[in-house]
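Asker: Got a predicted structure here, sequence first:
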Amino acid sequence: MPRSAEQGRQFILFIGDALVIILSLFIALVVRYDFSVAQEDFLFNLGQFGIIFALWMMIFYVGGLYGIRKAKNDRPFFQLFFSLLGTNALIAILAFYFVPFFAITPKIVLFVTLFVSALVLIIWRAIFNRIVPLQPLRVAVVGKGTDVEELVADMKSHPQRGYRCLIWKRQPTRDLIHDLREKEIDMLVVDFRHEHSENFVSELIRPLARDFFAVVDFVDFYEERLKRIPLSAIDNRWFVLNIQAQSAQFFSFAKRSIDIALSLFLAAVGLVLAPFVALAIILDSGFPIFFRQPRVGRLQKPFVINKFRSMKRGKITLVGRFVRSTHLDEIPQLWNVLRGDMSFVGPRPEQVAIVEELNEAVPFYEERLWVRPGITGWAQLHEPTAQAEDAHKKLQYDLYYLKHRSLFLDLEIIVKTLRIIIL
């Protein structure tokens, strides 16, 4: 993307955010004063809030909210947005409660403004991304191997996702710098594990001082682009650097608390539906009502999974087809979640025999269950019909979840799962 176009897009986004925040103040005043806001009241409040709003915009800018590749309505954007919004809210509350200059009372206008600005900013960003589409970055790739081929093929098949591969070289060549300039490349993706990468990096130092293209590590770009870990990057060193239990202590505590609370809530609903499901199963195909099977849980600990039975003598029943399509067969799994065998979000719990086979065939397969298995998960969303032969790709997605596990990612998985169920 030309720098002038990129800067123009950033300027529109910045001015739009500022206007939206001022509009949020006006909406808050309308709510506070029953749709009757005098001009002098609005100007007085704007004068009081003006300093705070200027600080907000500065924090948004310094925090990176106007980076063009971050201005997308995805999980990383929302994580960044809400963390900066929380900082802004704290600054506003401290200022209005402890700084005598800010004389607005009651403070309800402040809290309504905070709520409305968050809501309207999200709506504005969604509209902005539709009416001011992001032009694909022109990308060059240097590297070889199956993972590189996957990445290049994906960029060529889906340029609408923001990247267009114009150059792919399996190893650095003498004319590469010339080609980068001729094609006006925005981003150079390099596999720095390549045997020739050290010499190539030294050749890049001088061009980087005068050419406007970014240099990105292949492994990081593959992960950001495809939302999974490249197989060639997975080794003992990767686990040591990326998967540490101590760094996720708060997340594990919060996740388990949410699992317990949500399973108790849904169990109350499930208890109402369960007798009808059980009766339908009995009338359709007799007993037993439940399907129980050993599965492998966290740290290879076996447990028994519970579901409403949907098959009889190897064939799916009439009621079974219905309970599967509506996911009512999974109501008994709430007991597994409550017991701590499972979570709502995590890697798929596989059968014991399958896990034993895959532990032998797929390197690091058993490490995917360093967390509790889940009713839904990152791999289940991206590979919903995957079989045992797709274990390598499922492992890539499971390890991505392990590395990036957070409440935001869990929420994204749950929302996408609900959308699939409803639609």
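Answerer: Everything's here; your move.
Asker: for the helix or strand encompassing L43, packing partners?
Answerer: L43 is part of helix 39-62 when elements are defined by DSSP states H and E. Counting contacts by 3 or more CB pairs under 8 Å, 6 or more residues apart in numbering; DSSP states H and E, helix 39-62 packs against helix 3-32, helix 75-98. The way it works is simple: take the backbone N, C-alpha and C, and place the C-beta from them, glycine included.
Asker: Mind listing what's buried along it?
Answerer: F42, N45, Q48, F49, I52, F53, W56, M57, F60 (16 or more other CB atoms under 10 Å).
Asker: now those as JSON lines including distance to L407 and pLDDT?
Answerer: Shown next, in JSON lines, are the buried residues of helix 39-62 (distance: CB to CB, whole Å; pLDDT from 0 to 100):
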{"residue": "F42", "distance to L407": "38", "pLDDT": "79"}
{"residue": "N45", "distance to L407": "35", "pLDDT": "77"}
{"residue": "Q48", "distance to L407": "34", "pLDDT": "78"}
{"residue": "F49", "distance to L407": "31", "pLDDT": "84"}
{"residue": "I52", "distance to L407": "28", "pLDDT": "87"}
{"residue": "F53", "distance to L407": "29", "pLDDT": "89"}
{"residue": "W56", "distance to L407": "24", "pLDDT": "89"}
{"residue": "M57", "distance to L407": "27", "pLDDT": "90"}
{"residue": "F60", "distance to L407": "22", "pLDDT": "86"}
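Asker: Could you export these as TSV, including distance to M187?
Answerer: Output for the buried residues of helix 39-62, formatted as TSV (distance: CB to CB, whole Å):
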residue	distance to M187
F42	45
N45	44
Q48	44
F49	39
I52	37
F53	34
W56	31
M57	28
F60	24
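Asker: now the helices and strands packed on helix 39-62 in JSON lines, with distance to N129 and mean pLDDT?
Answerer: Shown next, in JSON lines, are the helices and strands packed on helix 39-62 (distance: least, CB to CB, whole Å; pLDDT from 0 to 100):
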{"stretch": "helix 3-32", "distance to N129": "10", "mean pLDDT": "81"}
{"stretch": "helix 75-98", "distance to N129": "10", "mean pLDDT": "82"}
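Asker: Only alpha carbons, please: show stretch 312-322 as PDB.
Answerer: C-alpha atoms of stretch 312-322 as PDB (Å, rounded to 0.1, in the frame of the first residue of the first chain):
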ATOM      1  CA  LYS A 312     -28.000 -48.100  17.800                       C
ATOM      2  CA  ARG A 313     -26.100 -51.100  16.400                       C
ATOM      3  CA  GLY A 314     -23.700 -48.700  14.600                       C
ATOM      4  CA  LYS A 315     -26.400 -46.700  12.900                       C
ATOM      5  CA  ILE A 316     -27.700 -43.200  13.900                       C
ATOM      6  CA  THR A 317     -31.300 -43.300  15.100                       C
ATOM      7  CA  LEU A 318     -34.100 -40.900  14.100                       C
ATOM      8  CA  VAL A 319     -34.000 -39.200  17.500                       C
ATOM      9  CA  GLY A 320     -30.200 -39.400  17.400                       C
ATOM     10  CA  ARG A 321     -30.100 -37.400  14.200                       C
ATOM     11  CA  PHE A 322     -32.200 -34.700  15.900                       C
END
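Asker: just how off-centre is that stretch within its chain?
Answerer: When distances are taken as CA atoms, centre = their mean, to the nearest Å, stretch 312-322 is centred 35 Å away from the chain's centroid.
Asker: Other residues contacting that stretch?
Answerer: Stretch 312-322 has contacts (CB atoms under 8 Å, 6 or more residues apart in numbering) with A280, I281, L283, D284, S285, G286, R309, S310, M311, R324, L328, D329.
Asker: Tell me the one among those residues nearest to V216.
Answerer: R324 (42.8 Å; CB to CB).
Asker: can you count the residues close to the closest one?
Answerer: Applying other CB atoms under 10 Å, we find 17 residues neighbouring R324.
Asker: swap in L84?
Answerer: 18.
Asker: excluding its backbone neighbours, what's nearest it?
Answerer: With sequence-adjacent residues excluded and distances taken as CB to CB, 6 or more residues apart in numbering, L84 is closest to G63, at 4.5 Å.
Asker: ok, now which ones touch that neighbour?
Answerer: For G63, the contact set (CB under 8 Å, 6+ apart) comprises L80, S83, L84, T87.
Asker: Just the helices from the stretch 251-400 of the chain, written as ranges.
Answerer: 318-326, 333-339, 352-361, 378-382, 391-404 (DSSP state H, counting those that start in this stretch).
Asker: can you redo the ones you listed as a markdown table with mean pLDDT and distance to F251?
Answerer: Below are those laid out as a markdown table (pLDDT from 0 to 100; distance: least, CB to CB, whole Å):
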| stretch | mean pLDDT | distance to F251 |
| --- | --- | --- |
| helix 318-326 | 93 | 31 |
| helix 333-339 | 96 | 17 |
| helix 352-361 | 91 | 25 |
| helix 378-382 | 93 | 15 |
| helix 391-404 | 93 | 11 |
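Asker: To L231, which of those helices lies closest?
Answerer: helix 391-404 (6.2 Å).
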